[in-house]
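Visitor: Below: sequence and its predicted model.
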Amino acid sequence: MAKPIMIQGTMSNVGKSLLAAGMCRVLRREGYRVAPFKSQNMALNSFITEEGLEMGRAQAVQAFACGTTPRVCMNPILLKPTTDMGSQVIVNGEVLGNMSAEEYFRRKKEYVPAILEAYRQLEEQYDIIVIEGAGSPAEINLKQDDIVNMGLAELVDAPVLLVGDIDRGGVFAQLAGTLMLLEPRERERVKGLIINKFRGDLRILEPGLSLLAEKCGKRVLGVVPYADVDLEEEDSLAEGLRKRDVTGKVDIAVIRLPRISNFTDVQAFAVEPAVSVRYVERTRELGQPDLILLPGTKSTIADLEWLRRTGLEAALLRCLQRGSFLFGICGGYQMLGERIVDESGVEGERGGFVRGMGVLPVETYFVGEKARTRVEGETGAWEGVLGPLSHKKVSGYEIHMGRTVPAAQRDPGEACASFAALEDKRDGCVSGRVLGTYLHGVFDREEFRSGLVRLLCENKGIPCEGGGEISYEAYREEQYDRLADILRESLDWEEIYRSCF
């Protein structure tokens with residue numbers, strides 16, 4: 001049976017997901033069969049498994065670090081926020097429906113059997129399971145019926161490493177205060193402390209580490225430096241979403257929608273040296289990008305209305321008229337059409353329809369059943385400026401509630417070309433300099449991604465340097481190994497093995 005080790009944090013965004021991924025890679029390199037596990041994840045970045053089931057993106061990233069295939073049992077419960085007070089609840093990869101926070105907290109103990117069954121599946125097949133907590137174990141208003149932090153640690157008898165974030169300040173108070181609010185049996189479960197995201201001279205920090213150990217009775221098992229590692233992040237607190245500067249010859253501006261999801265679609269541009277990716281929330285930040293990306297969203301209609309209120313819709317259309325390319329993925333694709341119809345209130349209590357941006361001759365109808373599938377194929381036979389991108393290999397996955405069809409009010413002669421021909425269907429729409437697709441991960445294949453970068457360079461009249469020299473998959477493997485090297489150097493692995501295994 002597998003041995004567990006659990007990483008909990010003093011708060012959200014202390015780096016638990018990244019540390020878990022790095023620990024997975026360290027243990028894998030030492031010859032263990034390793035799997036990640038997170039009983040309950042709240043995030044809009046999700047992943048579709050080979051079986052067509054939905055799980056948190058962070059656990060998929062950690063599975064790749066383990067050198068294993070992502071499986072939904074690695075994240076049996078996924079909560080995708082739909083409003084400030086409610087989420088879509090997904091159990092074992094299948095949508096149960098939308099629940100208010102009150103309803104979910106009232107019912108969450110019902111899901112303990114599903115959590116334990118998922119964990120047992122991993123326990124029988126791996127040597128070590130690296131478990132990630134959520135938020136903080138010291139949220140005393142949520143500790144009753146906890147299924148993701150100390151409650152889970154007790155269920156599976158997991159030793160815990162507690163992580164604090166020194167970059168946000170007050171790390172000693174974070175760690176000491178969290179330990180103080182734990183029950184005695186929970187404190188006993190904590191085998192050591194980790195300080196993450198450190199910058200500066202370690203010698204200045206060391207006296208504080210000794211004092212912390214004296215006050216808390218727990219050793220600091222490592223100080224992890226602020227790591228310049230480029231791995232996919234999972235939620236709206238991701239540091240990558242704060243990028244605002246244009247640093248490359250090719251400027252890609254991603255609209256940071258309020259309910260943005262699967263923004264990691266653009267991660268693959270990291271291997272293109274000519275490209276810089278930045279995020280835009282206000283019209284004054286937009287400028288005249290070479291490519292504007294409308295990403296996925298959990299609430300297409302609400303985020304389209306936000307675009308209108310902020311003036312960003314009008315600004316995007318002006319950029320398109322002046323020569324920018326406009327690319328919509330999933331919810332972003334739905335926004336580009338003539339209208340979005342939600343008669344059953346799939347995205348909210350009110351039904352009806354909303355006018356789209358009108359730059360693609362399609363319309364979207366929301367239905368209750370979610371499309372979840374992995375697909376591959378090639379782009380269509382395109383004419384005009386997009387011609388060089390014809391017949392390029394693409395692959396990825398779909399996660400969406402809407403069905404998009406040619407717009408009824410358009411002349412049939414205006415129908416746009418499909419974005420891609422997939423195994424058993426056609427996907428998306430392109431027209432002029434506007435592209436729309438449901439395909440998440442569309443930039444991961446270098447043939448299409450590098451072709452798009454070359455097209456943007458040519459449109460701008462500049463030479464296209466580099467690109468295509470390393471696959472995104474190889475780049476990601478390099479990042480896992482860099483992270484593992486940092487953790488191997490900065491953590492006391494002898495003590496971790498002694499106290500946890």
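Guide: Arrived safely.
Visitor: Quick one: the helices in the stretch 51-200 of the chain, in order.
Guide: With helices called from DSSP state H, counting those that start in this stretch, the stretch 51-200 of the chain shows them at 57-66, 101-107, 112-123, 150-156, 171-181, 184-189.
Visitor: Equivalent analysis for the stretch 351-500 of the chain, please.
Guide: Counting by DSSP H, counting those that start in this stretch, the helices of the stretch 351-500 of the chain are 446-460, 472-490, 493-500.
Visitor: Quickly compare those helices and say which is most buried.
Guide: helix 446-460 (a mean of 20; mean count of other C-beta atoms under 10 Å). (C-beta placed from N, C-alpha, C; glycine too.)
Visitor: Count the neighbours of the closest residue to Y333 other than its chain neighbours for me.
Guide: Excluding the flanking residues, the one nearest Y333 by C-beta to C-beta, 6 or more residues apart in numbering is G436, at 3.5 Å. Around G436 there are 28 other residues, counting by other C-beta atoms under 10 Å.
Visitor: Out of the helices of the stretch 51-200 of the chain, flag the one nearest A381.
Guide: helix 57-66 (32.9 Å; C-beta to C-beta).
Visitor: Show me how far that closest one is from its chain's centre.
Guide: Chain-centre distance of helix 57-66: 11 Å, with C-alpha atoms, centre = their mean, to the nearest Å.
Visitor: That helix vs helix 472-490, what angle?
Guide: Inter-element angle recorded for helix 57-66 and helix 472-490: 80 degrees (by axes from the mean of the first three to the mean of the last three C-alpha atoms, to 10 degrees).
Visitor: Was I right to think A213 contacts L221?
Guide: No: A213 is beyond contact range of L221, at 10.3 Å (criterion: C-beta atoms under 8 Å).
Visitor: Tell me which of these two has more neighbours.
Guide: Between A213 and L221, L221 has the larger neighbour count (other C-beta under 10 Å), namely 21 against 14.
Visitor: Could you dump the helices of the stretch 351-500 of the chain into TSV with mean pLDDT and distance to V394 added?
Guide: Putting these into TSV (pLDDT from 0 to 100; distance: least, C-beta to C-beta, whole Å) gives the following:
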stretch	mean pLDDT	distance to V394
helix 446-460	94	5
helix 472-490	95	13
helix 493-500	95	41
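Visitor: right, so of those helices, which gets closest to Y119?
Guide: Once those are compared by C-beta to C-beta, helix 493-500 is nearest, at 17.0 Å.
Visitor: That closest one versus helix 472-490: what angle between them?
Guide: Between helix 493-500 and helix 472-490, the angle comes out at 90 degrees (the same axes, to 10 degrees).
Visitor: which outside residues touch helix 493-500?
Guide: K3, I5, V26, P159, L161, K191, G192, R219, L221 (C-beta atoms under 8 Å, 6 or more residues apart in numbering).
Visitor: Check the secondary structure at the last one for me.
Guide: What it means is L221. strand (DSSP: H, G, I helix; E, B strand; the rest coil).
Visitor: which residues touch it?
Guide: L161, K191, G192, L193, I194, L491, D492, E495, I496.
Visitor: Would you mind checking those for buried ones?
Guide: Listed as buried from the contacts of L221 are L161, K191, G192, L193, I194, L491, I496; burial here means 16 or more other C-beta atoms under 10 Å.
Visitor: Any idea how many residues pack against the residue nearest to D157 when sequence neighbours are not counted?
Guide: Using C-beta to C-beta, 6+ apart and skipping the chain neighbours, the partner closest in space to D157 is P4 (7.2 Å). Counted with other C-beta under 10 Å, the neighbours of P4 add up to 22.
Visitor: same check, this time on the one 4 residues further on
Guide: Neighbourhood size, Q8 [other C-beta under 10 Å]: 29.
Visitor: Flag the shaky bits of this structure, pLDDT-wise.
Guide: Scanning the chain for pLDDT under 70 picks out the ranges 234-245, 348-351, 409-415, 466-469.
Visitor: Off-centre distance for stretch 306-321?
Guide: Offset of stretch 306-321 from its chain centre (C-alpha atoms, centre = their mean): 26 Å.
Visitor: coming back round to it: closest one of the contacts of L221 to K370?
Guide: So of the contacts of L221, ranked by how close each gets to K370 (C-beta to C-beta), first place is L161, at 35.6 Å.
Visitor: Convert the C-alpha atoms of the lengthiest strand in the chain to PDB, please.
Guide: The longest strand of the chain (DSSP state E) is strand 362-379. In PDB, the C-alpha atoms belonging to strand 362-379 read as follows (Å, rounded to 0.1, in the frame of the first residue of the first chain):
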ATOM      1  CA  VAL A 362     -22.300  31.700 -35.800                       C
ATOM      2  CA  GLU A 363     -24.700  31.500 -32.800                       C
ATOM      3  CA  THR A 364     -24.500  29.500 -29.600                       C
ATOM      4  CA  TYR A 365     -27.200  27.600 -27.800                       C
ATOM      5  CA  PHE A 366     -26.600  26.600 -24.200                       C
ATOM      6  CA  VAL A 367     -27.700  23.100 -23.300                       C
ATOM      7  CA  GLY A 368     -27.500  21.200 -19.900                       C
ATOM      8  CA  GLU A 369     -25.100  18.500 -21.000                       C
ATOM      9  CA  LYS A 370     -21.400  19.400 -20.900                       C
ATOM     10  CA  ALA A 371     -19.200  18.400 -23.800                       C
ATOM     11  CA  ARG A 372     -16.000  16.700 -22.500                       C
ATOM     12  CA  THR A 373     -13.700  15.000 -25.000                       C
ATOM     13  CA  ARG A 374     -10.100  14.900 -26.200                       C
ATOM     14  CA  VAL A 375      -9.700  15.400 -29.900                       C
ATOM     15  CA  GLU A 376      -7.100  15.800 -32.700                       C
ATOM     16  CA  GLY A 377      -7.300  16.800 -36.300                       C
ATOM     17  CA  GLU A 378      -6.000  19.500 -38.600                       C
ATOM     18  CA  THR A 379      -7.000  23.100 -39.500                       C
END
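Visitor: Could you check it and say which residues are buried?
Guide: For strand 362-379, by 16+ other C-beta under 10 Å, it's 362-366, 370-372, 374-375, 377-379.
Visitor: Quick check: neighbours of the strand or helix carrying the residue nearest to D157 in the sheet, parallel or antiparallel?
Guide: Per DSSP states H and E: P4 is located in strand 3-9. Looking at strand 3-9 with DSSP bridges, its partner strands are strand 128-132 (parallel), strand 160-165 (parallel).
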